[in-house]
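K.L.:
The following comprises the amino acid sequence and a computationally predicted model.
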Amino acid sequence: MALCVVVEDQDLQRRTLAVTLQAARYQVLEARTGSAALDVIAMHLPEAVLLDLGLPDVDGLDLVPRILQVSPMSRIVVLTGRNSVAESVSALRAGARHYLVKPYDREELLVVLEREIAAVNLEVVHDRERRANVFWGADPAMSSIDSRLDRLAESPWTPVLVHGETGTGKEVVARELHRRSQVGGAFVAINCAAVPAGLMESELFGHERGAFTGAGVRRRGAVELAEGGTLFLDEVGEMELRLQAKLLRFLQDGSFRRLGSENEMSSRTRVVAATNRSLGELEASERFRPDLFYRLAVVPLAVPPLRDRAGDLLPLTRFLLERIASDLGRPPRPLSPRAEKAVCRHPWPGNVRELGNRLERALVLGTEGIIEPEDLDLPRDEAGAAVGASVILPDPARLRRLLEEEGWNLAAVARRLGIPRHRVKYRVARLGLRRPTGVEKN
């Protein structure tokens, strides 16, 4: 049963309207002042609000955006005794969905209300479908990111720094923030590590015709293309220092210049930066400006590696299987018990990206029926269990001693321990052990 809040200071009109709606099988709450209405709406988040503009404590037009701030999904239908075109336009611009002049027709009111509530229900369905494109799971770190994105969406221009290992889904987080922010602009992504240093400024801020050799036409940069939306800077730690200063200025006041131009321009966009380096390393790096770091890291979000989300691993695998199968136009295939064990025992150094790639390979190249470990191309021993499943990895002191004895030859250490090389590599990285200067990589 849909909930409507009737905001009307005249007692008789408010009660009459409430009875009309209750007869039409709506749940109704009443308020006679603007402040009371905001309290009721914030607490109950109604599908519809019938709002009289002539309230004793506040102008109804001023109340419209405040209602939408506490309950963005509510549809507002304005009711007034003043037949003013200017006022109706102002109400619609403020966010109201419809405008009825008293005395309004009862049937017209119910038709309008039915249409607006149907739109709310459809929007809720679409929102659930969009949220279904991202798997959050039960991991506390991911749940924290999920809730923080909702709060960040209410502040559409606040910079965000997303950090985590390669393949953890940093761009997925950035795109989800953009979607929840419901801004009108586009999502524009740049991989700072993939763009040559000489072209990065043009890529970011654009250029004028003749700005450099080969610049035959004027070109808009990413900050212009992302106007009113989100600019995603992946691997921001790879940006050269000279350009970092220009990015800092843009973050501070939204101003920039196209390459080869003397004209100051402006663009308002949220900047979401991502890095696979630790925040401490980024802050201490002489290759990254501390002032830019602090400006980008207004809100830092740490995406955990897949190996730290053991409880989410199998549910995430099933989620990805269904989505990938749908994208390929194929029926989903379940994992066998042996495959599930292999998935749980694999360290997943490539994180969610590696998991998705292996699942896609299994769906494309594997045989029909359930998915076995062989379809995922996971290493196996003679007994059929995942390699390293029951191996107890050495403590840090013993591992360091073995590394020193073998001259940091990971393959030799792996042979001595009887485990795959990638398990040794993972353990070394996990413990933060570093190869001494002068020792060659292997």
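P.N.:
Here it is on my side, so go on.

K.L.:
Strands of the protein, residue ranges please.
P.N.:
3-7, 27-31, 48-52, 75-80, 98-101, 160-163, 187-191, 206-207, 219-220, 230-234, 255-256, 265-266, 270-275, 299-302 (DSSP state E).

K.L.:
Export these as JSON lines, with columns for mean neighbour count and mean pLDDT.
P.N.:
C-beta here means a position set from N, CA and C on the backbone, and glycine is covered the same way. Below are those laid out as JSON lines (neighbours: other C-beta atoms under 10 Å; pLDDT from 0 to 100):
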{"stretch": "strand 3-7", "mean neighbour count": "25", "mean pLDDT": "92"}
{"stretch": "strand 27-31", "mean neighbour count": "18", "mean pLDDT": "92"}
{"stretch": "strand 48-52", "mean neighbour count": "26", "mean pLDDT": "91"}
{"stretch": "strand 75-80", "mean neighbour count": "23", "mean pLDDT": "88"}
{"stretch": "strand 98-101", "mean neighbour count": "18", "mean pLDDT": "84"}
{"stretch": "strand 160-163", "mean neighbour count": "24", "mean pLDDT": "95"}
{"stretch": "strand 187-191", "mean neighbour count": "18", "mean pLDDT": "92"}
{"stretch": "strand 206-207", "mean neighbour count": "23", "mean pLDDT": "90"}
{"stretch": "strand 219-220", "mean neighbour count": "16", "mean pLDDT": "86"}
{"stretch": "strand 230-234", "mean neighbour count": "25", "mean pLDDT": "95"}
{"stretch": "strand 255-256", "mean neighbour count": "18", "mean pLDDT": "92"}
{"stretch": "strand 265-266", "mean neighbour count": "14", "mean pLDDT": "91"}
{"stretch": "strand 270-275", "mean neighbour count": "26", "mean pLDDT": "95"}
{"stretch": "strand 299-302", "mean neighbour count": "17", "mean pLDDT": "94"}
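
K.L.:
could the ones you listed go into TSV alongside distance to A411?
P.N.:
Converted to TSV, those look like this (distance: least, C-beta to C-beta, whole Å):
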stretch	distance to A411
strand 3-7	66
strand 27-31	69
strand 48-52	68
strand 75-80	65
strand 98-101	72
strand 160-163	31
strand 187-191	32
strand 206-207	49
strand 219-220	49
strand 230-234	32
strand 255-256	50
strand 265-266	55
strand 270-275	30
strand 299-302	32
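
K.L.:
contacting residues around stretch 138-147?
P.N.:
Contact with stretch 138-147 is made by 136-137, 173, 301-304, 308-309, 311-312, 315, as judged by C-beta atoms under 8 Å, 6 or more residues apart in numbering.

K.L.:
For ChimeraX, what selects the buried ones among the residues you listed?
P.N.:
In ChimeraX, this line selects whichever of those come out buried by 16 or more other C-beta atoms under 10 Å:
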select :136,137,173,301,303,304,309,312
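
K.L.:
taking the contacts of stretch 138-147 one by one, which sit in helices?
P.N.:
Secondary structure from DSSP state H places 173, 315 of the contacts of stretch 138-147 in helices.

K.L.:
so where is the stretch 101-250 of the chain shaky, pLDDT-wise?
P.N.:
Within the stretch 101-250 of the chain, the segments meeting pLDDT under 70 span 122-132.

K.L.:
where along it do the helices fall?
P.N.:
When assigned using DSSP state H, counting those that start in this stretch, the helices of the stretch 101-250 of the chain occupy the ranges 106-131, 140-153, 170-181, 197-205, 222-225, 241-253.

K.L.:
between the third one and helix 140-153, how many degrees?
P.N.:
If I follow you right, that is helix 170-181. For helix 170-181 against helix 140-153, the angle between stretch directions is 40 degrees (axes from the mean of the first three to the mean of the last three C-alpha atoms, to 10 degrees).

K.L.:
picking up where we left off before, dump the contacts of stretch 138-147 into JSON lines; add distance to R219 as well.
P.N.:
Putting the contacts of stretch 138-147 into JSON lines (distance: C-beta to C-beta, whole Å) gives the following:
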{"residue": "W136", "distance to R219": "38"}
{"residue": "G137", "distance to R219": "41"}
{"residue": "V173", "distance to R219": "29"}
{"residue": "L301", "distance to R219": "32"}
{"residue": "A302", "distance to R219": "35"}
{"residue": "V303", "distance to R219": "33"}
{"residue": "P304", "distance to R219": "38"}
{"residue": "D308", "distance to R219": "42"}
{"residue": "R309", "distance to R219": "41"}
{"residue": "G311", "distance to R219": "47"}
{"residue": "D312", "distance to R219": "42"}
{"residue": "P315", "distance to R219": "44"}
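
K.L.:
Quick check: beta-bridge partners of the closest residue in space to A215 that isn't next to it in sequence?
P.N.:
Distance criterion C-beta to C-beta, 6 or more residues apart in numbering; nearest residue to A215, sequence neighbours excluded, is H207 at 5.2 Å. Beta-bridge partners of H207, counted by DSSP bridges, are R219, L259.

K.L.:
For H207, list the residues it contacts.
P.N.:
201, 215, 218-219, 221, 258-261.

K.L.:
Now distance to A342 too, for the helices of the stretch 101-250 of the chain, in TSV please.
P.N.:
TSV is the format used below for the helices of the stretch 101-250 of the chain (distance: least, C-beta to C-beta, whole Å):
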stretch	distance to A342
helix 106-131	30
helix 140-153	23
helix 170-181	25
helix 197-205	42
helix 222-225	41
helix 241-253	44
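
K.L.:
Those: which one's closest to L161?
P.N.:
Proximity to L161 (C-beta to C-beta) singles out helix 170-181 among these, at 9.9 Å.

K.L.:
what comes up buried for that closest one?
P.N.:
Quick answer for helix 170-181 (16+ other C-beta under 10 Å): 170-171, 173-181.

K.L.:
returning to that earlier point: which of the contacts of H207 count as buried?
P.N.:
For the contacts of H207, a burial check counting by 16+ other C-beta under 10 Å picks out 201, 219, 221, 258-259.

K.L.:
Distance to E154 for these - can I get that in TSV?
P.N.:
Listed next are the buried ones among the contacts of H207 as TSV, based on distance: C-beta to C-beta, whole Å:
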residue	distance to E154
E201	33
R219	34
G221	28
R258	32
L259	35
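
K.L.:
from those residues, which is closest to N409?
P.N.:
E201 (43.3 Å).

K.L.:
Show the contacting residues for that closest one.
P.N.:
Neighbouring residues of E201 by C-beta under 8 Å, 6+ apart: 207, 243, 246, 259.

K.L.:
Now the residues you listed in a markdown table, please, with extra columns for distance to R15.
P.N.:
Converted to a markdown table, the contacts of E201 look like this (distance: C-beta to C-beta, whole Å):
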| residue | distance to R15 |
| --- | --- |
| H207 | 66 |
| L243 | 65 |
| K246 | 62 |
| L259 | 66 |
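
K.L.:
which non-adjacent residue is nearest the residue sitting nearest the centre point of the chain?
P.N.:
With distances taken as C-alpha atoms, centre = their mean, E176 lies nearest the centre of the chain, 2.5 Å away. Nearest residue to E176, sequence neighbours excluded (C-beta to C-beta, 6+ apart): V134, at 5.3 Å.
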